[in-house]
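Undergrad: Using only what follows, build the 3D model:
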Amino acid sequence: MARHHLSGRYSICGLGVTPVGRVTGNSLLWNEVEAARLAIEDAGLERKDIGAALQALSDPGGGMRMRHDDAFPRVLGLPVKIYCENVGRGGEYAAMAIVTAMQLIELGVANYVVVSGARDDWSRSRAIKKRGERGTGMAARLGRWGHFYGSTTAAVFHALIASRHIELYGTTSEQLGRIAVAQREWACLNPQATMYGAPITIEDYMNSPMVAEPYRLLDMCQQSDGGIAFVVTTTERAKDLKRPPIKIMGIGFGEHMDHLLQTGDHLTSLAVDTAREQAFSQADIKLDDVDVAQLYDCFTGEVLFQIEGYGWCKKGEGGAFLDAGHLGPGGDVPINTGGGLLSGFHMGNLTCFAEGVQQLRGEGGARQVKDAEIALVTGHGGEILSGQMCSIHSSLILGR
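TA: This next block holds a predicted model:
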């Protein structure tokens, strides 16, 4: 493999994370503004330095969110030359935003690009619950995969591929539970995590309520409020700033739109193959070079599919791999070291991204992975095909 000519030329120079989790009272706009302010400050920059801004916001497939009455760059007073909103699909924000940011810098439009994303799912779910309803207000689907066929919540259609994996490979509920327990162990080392200080056992997992078979309550991600932002620039510029640069080594994408809905093995996998090959080739690394992996984990099954898809084990052998205890603190495969979406907080794959940056900076505290130099950050979502709901998959390689 040969490193791509852009590999390492661009870096993350600032990171901002607001209070996250069950934090009510702040609007989406406030969270975007505050996260961007923190990221710019973290980089040691001033607002006048920011030439472009991107809003990382989920599309209707991830739950309809109303537009703001203004944009975060104007509220923050950023003299940007371009602002792009709704950069992202489903839970995939970071890689798509980074590609856009690098293009803007490459073209000379901006020297520094700030990306900010926010969610208010916890607040919205509480408001909906007061009306006697459940969920976070998903936009109704049109066409044959709509409510008429039972596609009502994310858990319903994500459970389809988990059920198929169980049927084909004999995966058990206890094995899925090992993912939930391992990530809760990591969360208990992370003061930012919603489930900090709340450990669980496999017995707790098995006794949690069944929501959409095979998924129990503890198979499912958190609902969160908060915001995360970061600043992208060239590595040369980043070397002179406040923080050591976290280099962007490789980015790859995959889509399940290249399959017919009813055919192929995509009913038990994610679109990992091309994303992995592109990103790892650009970075000129192998899987063994990855020190920490932050895998998008809206449900436990998605972690299982990625463990198999990235090659930690063969297809269908993920259950046995989980039984061997590789994932938790002290294991040899540090995955979702902040607790992930399952036990940390849900900011789309900005959750994964922020933890990857913090690990490479050595800011993980009690959960810090020793000598972490290479991080894999993934994302997926974009529910175009409900029969394989996570259409897009991204692989992002970050290096110290």
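Undergrad: Apart from its neighbours in sequence, what residue is nearest Ile12?
TA: If the residues on either side of it in the chain are set aside, Ile12 comes closest to Ile246, at 4.3 Å by CB to CB, 6 or more residues apart in numbering. Just so you know, the C-beta spots here come from the backbone N, C-alpha and C atoms, and that holds for glycine as well.
Undergrad: Would you mind listing the buried residues in the lowest-mean-pLDDT helix or strand in the chain?
TA: Using mean pLDDT, DSSP states H and E, the weakest-scoring helix or strand in the chain turns out to be helix 121-130, at a mean of 82. For helix 121-130, burial by neighbour count (16 or more other CB atoms under 10 Å) applies to Asp121, Trp122, Ser123, Arg124, Ser125.
Undergrad: And the most centrally placed residue in the chain, its phi and psi?
TA: With distances taken as CA atoms, centre = their mean, the chain has Asn349 as the residue nearest its mean C-alpha position (1.6 Å). Here is the backbone geometry of Asn349 (degrees, to the nearest 10): phi -80, psi 10.
Undergrad: so what's the residue nearest to it when sequence neighbours are not counted bridging to?
TA: Take Asn349 and drop its neighbours on the chain: the residue closest to it by CB to CB, 6+ apart is Gly379, 3.2 Å away. With DSSP bridges as the criterion, Gly379 is bridged to Ser394.
Undergrad: that older thread, and which of the buried residues of helix 121-130 is nearest to Ala101?
TA: Ala101 has its nearest neighbour among these in Asp121, at 25.2 Å by CB to CB.
Undergrad: May I ask you to confirm that the closest one is in contact with Gly226?
TA: No - taking CB atoms under 8 Å as the definition, Asp121 is not a contact partner of Gly226, at 9.7 Å.
Undergrad: Now for Leu38: which residues touch it?
TA: Counting by CB atoms under 8 Å, 6 or more residues apart in numbering, Leu38 touches Leu15, Gly16, Val17, Thr18, Ala229.
Undergrad: actually Leu396, not the one I typed
TA: Applying CB under 8 Å, 6+ apart, we find Leu396 in contact with 94-95, 98, 248, 250-251, 279, 353, 356, 376-379.
Undergrad: hmm, back to that, Gly319: which of the buried residues of helix 121-130 is nearest?
TA: Distance to Gly319 across the buried residues of helix 121-130 (CB to CB) is lowest for Asp121, with 30.3 Å.
Undergrad: quick one on the thing from earlier: quick one: pLDDT of the residue nearest to Asn349?
TA: What the model reports as pLDDT for Gly379 is 95.
Undergrad: Dump the buried residues of helix 121-130 to TSV, plus distance to Asp49.
TA: Shown next, in TSV, are the buried residues of helix 121-130 (distance: CB to CB, whole Å):
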residue	distance to Asp49
Asp121	32
Trp122	33
Ser123	32
Arg124	34
Ser125	37
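Undergrad: Quick check, Tyr169 in contact with Lys314.
TA: No - assessed by CB under 8 Å, Tyr169 is found out of contact with Lys314, at 10.3 Å.
Undergrad: More neighbours: which of these two?
TA: The neighbour count for Tyr169 versus Lys314, taken as other CB atoms under 10 Å, is higher for Tyr169 (18 against 10).
Undergrad: which non-adjacent residue is nearest that one?
TA: Nearest non-adjacent residue to Tyr169, counting by CB to CB, 6+ apart: Gly316, 3.9 Å away.
Undergrad: isn't Cys84 right up against Thr100?
TA: Yes - Cys84 is within contact range of Thr100, at 6.4 Å (criterion: CB under 8 Å).
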